[in-house]
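*Asks:* My questions are about this predicted structure, shown below with the sequence.
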Amino acid sequence: QFICCTGEAVVSTQSTGGLAAAQSNAKVKEVEGTVKSLKQALEETEQKLVDQYNREKLLEEQANLRVAQEAIEPESNASMFQTPSKTYSMLCATSGRKFFPQPSSASPPISDTRLAAVLEENSHRRRTGTPTEFTITSSLPDLRDPPAAPFTPITSAELSPTMSPKLDRRSLRDSIIRKSEGAAESVFERLHSQSDEPPPQGNIVPHPPTDTTDRLTCISMAKGHTHSVQSVSVSGSTMVTGSSDRTIRTWDLVNNKEVERATFTDPVKKVVYHEESQLVFALTSQALKAWDIRTDPSTCRSTSLAEFPSALLYPAGSDFIYFSTGISVRSWNVNQWTAAGVLHGHSGHVMCLEHVTLHDKKYIITGSRDHFCKVYDATDGIVSARVPTATLNPPHFDGIESIVWGNGHLYSGSRDATIKKWDLATRKERGAQRSAHKDRVQVLAFLPTLSALASASRNGTLKIWNEHNFGSTIKNDQSKNLIAEVNAHPGSSIQDVVFHQDHLYTASGDTTVKIWSIK
């Protein structure tokens, strides 16, 4: 019994060991099969990639040859139907590719050297056409003169040394570099010679009565700037303009001509002219400047700005000037020419500023791309860091581009094409003109003698609104509020609007300033 039991146990152990070995062998074979399948798939993928690369390379070479032929034989009407020249056919023969027969003897021969240079130059260009386009354009037959005999390839021994497979690319590259340097030098000389010649003196010329409505008539136009006029300021009989052409110009409104000019290294964004001191404060893309128009422009004061400047404000009779730099506003003592304080509180670039006197208190109002207008107490001057005392709600749906104070109310114009009317005493909205323009509201100006509001848009339209009924009509109904509308600067943005002595002055991206008479 003992032996039998032991024998059974031995047989059972051997059976278990054989099963484990069989399972192990099955797993090994399964892994080997998986590895073999992966290797086969990788080989197939690699072969596909190689084939695709070869096809793309072939198409690119065909396209380069086609571009070279079109560049050297600029017969645009017949170039689609011309077949390769002799040199072109020789290149095709060496590459082992089949092309259509060469053209008749009437076609002008192509210079081998010129073709090699064009091929070298075009080999670095990125082709943006589809493979189908390259195949069609590089293999069009001569439909005008069908070939009578098949094309016989020319052996590589007949190739000229210039077009041999061992092309001297270094000499071609040096030649292209020399040509590029010569072209760059000629461009530099042309630009340098133009910069030495100052633009001619500007003039204020009468404007033909084409832009006319019942209430608005363009009577004259200031011409002289070479780039967009970004800002205009008028006081007395003097007009000051600032432009992207990096100049500030003063104009005599009596004699209708440019009087003085200051040229800077940066585009001018905003200008403010103070008649009593005859100072022009200018905000460029990198600095704040103060220029006494009675002195040479090179003597103007300047301070560098590291942040994004946009808005400039100089309240009449104040010792401080305010300008925005990014999301903050800085105050500057104009007498000592030193920094005074800073206003914080916005989360977007401050685009416009306004000074308000209400109930014996002074405020600085700011409009920002964060959609909000904020109020700062400036009764004792901004000589330290300040935070807003109030925020006007509800906000606009887009950034605020302009704000203006008039007849006890604040008006804000936004990129959402809406103009809002605010009561600063209660900090509440008193009305809104939705869809005031078809494009963003770029700038606002108040007309106190008419109790009206002027608004200008990026699409060049100028509108005059009734201040008393503003925002009280049904949405999008402008019939009761709108006094006048004119396409002041067709196709160009109006950058600034100023009201002075019953006239409106509009500065535009079309390099002009138009003067409007209001009836």
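*Replies:* Received the coordinates, thanks. Residues are numbered from 1 along each chain as shown.
*Asks:* What is the subsequent helix or strand relative to the strand or helix carrying residue 251?
*Replies:* Taking DSSP states H and E as the criterion, residue 251 maps to strand 247-252. Beyond strand 247-252 in the direction of the C-terminus, DSSP H and E gives the next helix or strand as strand 257-263.
*Asks:* Which strands or helices does that following strand pack on?
*Replies:* Strand 257-263 sits against strand 203-206, strand 247-252, with contacts defined as 3 or more CB pairs under 8 Å, 6 or more residues apart in numbering; DSSP states H and E. Glycine gets a C-beta too; all of them are placed from N, C-alpha and C.
*Asks:* quick one: strands adjacent to the strand holding residue 251?
*Replies:* strand 238-243 (antiparallel), strand 257-263 (antiparallel) (DSSP bridges).
*Asks:* can you redo those strands as JSON lines with mean neighbour count, mean pLDDT and distance to residue 426?
*Replies:* What follows is the strands paired with strand 247-252, written out as JSON lines (neighbours: other CB atoms under 10 Å; pLDDT from 0 to 100; distance: least, CB to CB, whole Å):
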{"stretch": "strand 238-243", "mean neighbour count": "26", "mean pLDDT": "97", "distance to residue 426": "37"}
{"stretch": "strand 257-263", "mean neighbour count": "17", "mean pLDDT": "94", "distance to residue 426": "44"}
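*Asks:* Could I get the average pLDDT for whatever helix or strand residue 33 lives in?
*Replies:* Using DSSP H and E, residue 33 falls within helix 2-72. Across helix 2-72, pLDDT averages out at 72.
*Asks:* and what of stretch 498-507?
*Replies:* 95.
*Asks:* quick one: residue 324 and residue 348 touch, right?
*Replies:* No: under the criterion of CB atoms under 8 Å, residue 324 makes no contact with residue 348, lying 10.9 Å away.
*Asks:* Which of those two has more residues huddled nearby?
*Replies:* Taking neighbours as other CB atoms under 10 Å, residue 324 and residue 348 compare with residue 324 leading, 28 against 15.
*Asks:* can you pull the contacts of residue 377?
*Replies:* 361-363, 386, 389 (CB atoms under 8 Å, 6 or more residues apart in numbering).
*Asks:* Identify the farthest-apart pair in those residues.
*Replies:* 361 and 386 (14.0 Å; CB to CB).
*Asks:* Who has more neighbours out of those two?
*Replies:* Neighbour comparison, residue 361 and residue 386: the larger count goes to residue 386, with 18 against 10 (by other CB under 10 Å).
*Asks:* Just name the shakiest helix or strand of this protein by mean pLDDT.
*Replies:* When the helices and strands of the chain are scored by mean pLDDT, DSSP states H and E, helix 131-137 comes last with a mean of 41.
*Asks:* what sits opposite the nearest residue to residue 256 once chain neighbours are set aside in the beta ladder?
*Replies:* Spatial nearest neighbour of residue 256, chain neighbours left out: residue 204 (3.8 Å); criterion: CB to CB, 6 or more residues apart in numbering. Beta-bridge pairing for residue 204 (DSSP bridges): residue 222.
*Asks:* how far away is residue 204 from residue 233?
*Replies:* 16 Å (CB to CB, to the nearest Å).
*Asks:* Any stretches of the stretch 401-519 of the chain with poor pLDDT?
*Replies:* Judged by pLDDT under 70, the stretch 401-519 of the chain has its weakly predicted residues at 471-477, 479.
*Asks:* just the helices in the chain please.
*Replies:* Taking DSSP state H, the helices of the chain run over residues 2-72, 86-95, 112-122, 131-137, 169-196.
*Asks:* For the closest residue to residue 409 other than its chain neighbours, list each beta-bridge partner.
*Replies:* In space, and not counting its chain neighbours, residue 409 is closest to residue 421: 5.4 Å by CB to CB, 6+ apart. Bridge pairing for residue 421 (DSSP bridges) gives the partners residue 411, residue 431.
*Asks:* Could you report the pLDDT at the spatially closest residue to residue 390 that is not a sequence neighbour?
*Replies:* Leaving aside its chain neighbours, residue 390 sits nearest to residue 375 (4.2 Å; criterion: CB to CB, 6+ apart). pLDDT, residue 375: 96.
*Asks:* pretty sure residue 375 contacts residue 387?
*Replies:* No: applying CB under 8 Å, one finds residue 375 not in contact with residue 387, separated by 10.7 Å.
*Asks:* between the two, which one's more packed in?
*Replies:* Taking other CB under 10 Å, residue 375 and residue 387 do not tie; residue 375 has more neighbours (21 against 10).
*Asks:* any idea how far residue 412 is from the more buried one?
*Replies:* From residue 375 over to residue 412 the distance is 12 Å, taken as CB to CB.
*Asks:* shared neighbours of these two, anything?
*Replies:* What both residue 375 and residue 412 touch, as defined by CB under 8 Å, 6+ apart, is the set residue 392.
*Asks:* Residue 293 and residue 282, how far apart?
*Replies:* With CB to CB as the criterion, residue 293 and residue 282 are 11 Å apart.
*Asks:* where does the stretch 51-200 of the chain have low pLDDT?
*Replies:* For the stretch 51-200 of the chain, the stretches flagged by pLDDT under 70 are 67-198.
*Asks:* Identify the residues contacting residue 406.
*Replies:* 446-448, 453, 467.
*Asks:* got it, and residue 312?
*Replies:* Shown in contact with residue 312 (CB under 8 Å, 6+ apart): 269-272, 281-283, 288, 321-324, 353.
*Asks:* and the residue nearest to it when sequence neighbours are not counted, bridged to which residues?
*Replies:* Nearest residue to residue 312, sequence neighbours excluded (CB to CB, 6+ apart): residue 270, at 3.8 Å. In this structure, residue 270 bridges to residue 283 when assessed by DSSP bridges.
*Asks:* isn't residue 270 right next to residue 240, touching?
*Replies:* No: using CB under 8 Å as the test, residue 270 is too far from residue 240 to be in contact (10.8 Å).
*Asks:* Residue 51: neighbouring residues, count only.
*Replies:* 10.
*Asks:* Let me know the distance separating it from residue 57.
*Replies:* Note on residue 51: its distance to residue 57, by CB to CB, is 11 Å.
*Asks:* try residue 39
*Replies:* With CB to CB as the criterion, residue 39 and residue 57 are 27 Å apart.
*Asks:* likewise residue 330?
*Replies:* 60 Å.
*Asks:* Which of these two has more residues huddled nearby?
*Replies:* The neighbour count for residue 330 versus residue 57, taken as other CB under 10 Å, is higher for residue 330 (22 against 10).
*Asks:* Please name the spatially closest residue to the more buried one (chain neighbours excluded).
*Replies:* Distance criterion CB to CB, 6+ apart; nearest residue to residue 330, sequence neighbours excluded, is residue 342 at 5.2 Å.
*Asks:* are any of the contacts of residue 406 buried, and which?
*Replies:* Burial by neighbour count, judged by 16 or more other CB atoms under 10 Å, picks out 446-447, 453, 467 from those.
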